[in-house]
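Asks: here is a sequence with its predicted model. Questions after.
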Amino acid sequence: MNNKGLIAICIAVLIPLACYIVLKQTSDNAVVMPRHYLPDKLTDTVVDGKMTTDTIWHTVENIKLVNQLGDTIHLHDIQGKSIVMDFFFTSCGSICPKLTANMANMQRGFKEGGDPMNKIDSSIVHFVSFTVDPETDTVAKLKKYADHFKIDPGNWWLLTGTKDSIYNFAFDQLKVDKFSTEPIDPNFVHTPYFVLLDKYYQVRGYYNGLDTTALVKLSKDIGLLMLEKDKGGSKPPFDPLQMGIFFILAVIITVIVITLLFRKKKATA
């Protein structure tokens, strides 16, 4: 085989391979992951001789409270899951019942198979509701409230404790006042917003729990966080099926190119 034939074969193989790599990279980059919030600081590092600036995102601190079953729990007991948080109180007659009902629907939806488009389920999300009236909301009241909304305690905690610990967590760790469209009374955390944390306890979103569109986006973002690569993890390998398809295409193109070359050579002979 002459040099032109070898070049043709190389081109025939490399074109589909290059197309595959481009398509793969485009597909990977097309998904818009939930953004990070609450930067702690910027750090400068040298990578391949070039100075780059990285953001260190805030990781919310652990907090110890008591749930509706009377169990003492720590936030960081939740491992490897996204966490959806909100604030309520059992005697609330305004937004709290609706917020709890919406979260209960979300919990049931995940338990029954998750969002049909994203195939997410309860094993990758945990719900946490903090009472903002802990002096009144005893464990017994939280349990009664949870039973009323048919809350599964397996992946939803209703938490009470000291007011200082809960309020400091809301303002200092979650910064709920900074991303609310309405002012929040520092003496009474009354907000319709759900807060989404990733498995590293970093804030990834604030969503109006009374807004259907926002709740749909929250469900989608939970699914996206499930697919997010671990920190420092490498990109997944090429899909063997897709590689096989592109290899077959390469063979077909190679055969076509060689056939045309021989026909051209034969015609000029």
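Replies: Happy to help now that I have it. Numbers count the residues shown, from 1 in each chain.

Asks: you'd agree P97 is in a helix?
Replies: Yes: per DSSP: H, G, I helix; E, B strand; the rest coil, P97 lies within a helix segment.

Asks: got any ranges where the stretch 1-150 of the chain has weak pLDDT?
Replies: Counting by pLDDT under 70, the ranges of the stretch 1-150 of the chain that qualify are 1-30, 47, 113-122.

Asks: quick one: what helix or strand has the residue nearest to F179 when sequence neighbours are not counted in it?
Replies: With sequence-adjacent residues excluded and distances taken as C-beta to C-beta, 6 or more residues apart in numbering, F179 is closest to Y206, at 4.4 Å. (C-beta placed from N, C-alpha, C; glycine too.) Taking DSSP states H and E as the criterion, Y206 maps to strand 203-208.

Asks: check D147 too.
Replies: D147 is located in helix 139-148, with elements delineated by DSSP H and E.

Asks: show me what counts as buried in that helix.
Replies: When neighbours are counted by 16 or more other C-beta atoms under 10 Å, the buried residues of helix 139-148 are found to be V139, K141, L142, K143, Y145, A146.

Asks: which strands and helices sit next to it?
Replies: The contact analysis (3 or more C-beta pairs under 8 Å, 6 or more residues apart in numbering; DSSP states H and E) places helix 139-148 against strand 156-159.

Asks: ok, then the element right after the strand it packs on?
Replies: From strand 156-159, the next helix or strand downstream (DSSP H and E) is helix 163-168.

Asks: how about that following helix: buried residues?
Replies: If you call a residue buried by 16+ other C-beta under 10 Å, then helix 163-168 has these buried ones: K163, I166, Y167.

Asks: just stretch 204-223 next, same as before
Replies: 204-209, 214-215, 217-219, 221-223.
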